[in-house]
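K.L.:
give me a model of this one.
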Amino acid sequence: MLTVAALYHFTRFADPAALRAPLMDVCARQGVKGSLLLAAEGINGTIAGTRDAIDAVLAHIRNLPGCADLEWKESPAPAMPFGRMKVKLKREIVTMGVPDVDPKARVGHYVTAADWNALISAPDVAVIDTRNDYEVAIGTFQGAVDPGTRSFREFPLWWAQNKDRFHNKRIAMFCTGGIRCEKSTNYLISQGVEDVFHLKGGILKYLEDVPADQSMWNGECFVFDARVSVGHGLQPGQNESCGACRRPVTPEDRQHPAFEKGVCCPACQNEYTADDRARFRERQKQMDLAAARGAVHLGG
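P.N.:
Here you go, the predicted model:
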């Protein structure tokens, strides 16, 4: 069994580019795969490997400037959920596109997983899911508002158009691991909203800590690796990834006439040309051939 570590940390890196090669090197030496983003505002990503390998990479990250108190969420994976290791330089470690947002300055009130149910059950609390529409589609908290955003960059505009709906309400927000809420709560505070709360550790921490029979979570939680989704106890879920659009595909979706493994799903049936579909079909053929040989086709 491998260990998957999802992490983020807001800090000030004077020269993110100088950190990239040493970080990539330690991941390569340890056989760790996944994706990490570096920016002037910090680090974000998910990696997978053996217990000792993950510990070594996390130790390296904790030694980066301002990262001594790094926190992360772990979950198990029966097989390597990534095809390669990537360390990328970005303008933001989670893209909101609002220059003045600074989670290091101030964020909303953290709420632990143990206290989350009581908060979101209060009649004066509006619960907002800050994730993308395809993530919300396979699971969310009872009563949560879905902004219907296709990317986090759309959240500020959605708030501007909908803020009057939440007059005299306390706002509770959540996301997968917590990083989007760090920015969204800071943004709402800058817009004059004072009573802002967010789920500490995100959905992953809630699913890890809260028993299924006490849970207010419905469905599964989308994750950005080959597992596609996880459920309570952070066990791998039942969703797959569409080979064309990469959206999650539920067991029900796989019974739909529009579904073709690696080629099409109900959500993207009108989004690609015949040439695209032929290319996807050939890629799936090569993946199936590689699997039959016991190999991994990275094009997947």
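
K.L.:
so where do the helices sit in the chain?
P.N.:
All helices of the chain, identified by DSSP state H, fall at 16-30, 51-62, 113-121, 133-136, 155-162, 179-190, 202-209, 274-292.

K.L.:
make JSON lines out of those helices and add mean pLDDT, mean neighbour count and distance to F259.
P.N.:
Using the backbone N, CA and C atoms, a C-beta is placed for each residue, glycine as well. Formatted as JSON lines, the helices of the chain follow (pLDDT from 0 to 100; neighbours: other CB atoms under 10 Å; distance: least, CB to CB, whole Å):
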{"stretch": "helix 16-30", "mean pLDDT": "98", "mean neighbour count": "15", "distance to F259": "35"}
{"stretch": "helix 51-62", "mean pLDDT": "98", "mean neighbour count": "16", "distance to F259": "35"}
{"stretch": "helix 113-121", "mean pLDDT": "98", "mean neighbour count": "16", "distance to F259": "34"}
{"stretch": "helix 133-136", "mean pLDDT": "96", "mean neighbour count": "18", "distance to F259": "15"}
{"stretch": "helix 155-162", "mean pLDDT": "97", "mean neighbour count": "15", "distance to F259": "30"}
{"stretch": "helix 179-190", "mean pLDDT": "95", "mean neighbour count": "23", "distance to F259": "30"}
{"stretch": "helix 202-209", "mean pLDDT": "96", "mean neighbour count": "22", "distance to F259": "26"}
{"stretch": "helix 274-292", "mean pLDDT": "93", "mean neighbour count": "14", "distance to F259": "12"}
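
K.L.:
I'd like to know which of these is closest to V228.
P.N.:
Between V228 and these, the shortest gap by CB to CB is with helix 133-136, which sits at 10.7 Å.

K.L.:
do you know the pLDDT at H297?
P.N.:
Confidence at H297, expressed as pLDDT, is 60.

K.L.:
start the count at 49, not 1, going forward
P.N.:
Sounds good: first residue 49 from here, last item H345.

K.L.:
rebuild the helices of the chain as a markdown table, extending it with distance to A116.
P.N.:
Output for the helices of the chain, formatted as a markdown table (distance: least, CB to CB, whole Å):
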| stretch | distance to A116 |
| --- | --- |
| helix 64-78 | 15 |
| helix 99-110 | 6 |
| helix 161-169 | 24 |
| helix 181-184 | 31 |
| helix 203-210 | 30 |
| helix 227-238 | 18 |
| helix 250-257 | 21 |
| helix 322-340 | 42 |
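
K.L.:
out of the ones you listed, nearest to A53?
P.N.:
helix 99-110 (5.2 Å).

K.L.:
ok and that closest one relative to helix 64-78, angle-wise?
P.N.:
With axes from the mean of the first three to the mean of the last three CA atoms, to 10 degrees as the basis, helix 99-110 and helix 64-78 are set at 170 degrees to each other.

K.L.:
what's helix 99-110 in contact with?
P.N.:
51, 53, 55, 57, 70-71, 74-75, 78-80, 91, 95-97, 115-116, 118, 120, 122 (CB atoms under 8 Å, 6 or more residues apart in numbering).

K.L.:
lovely, talk soon.
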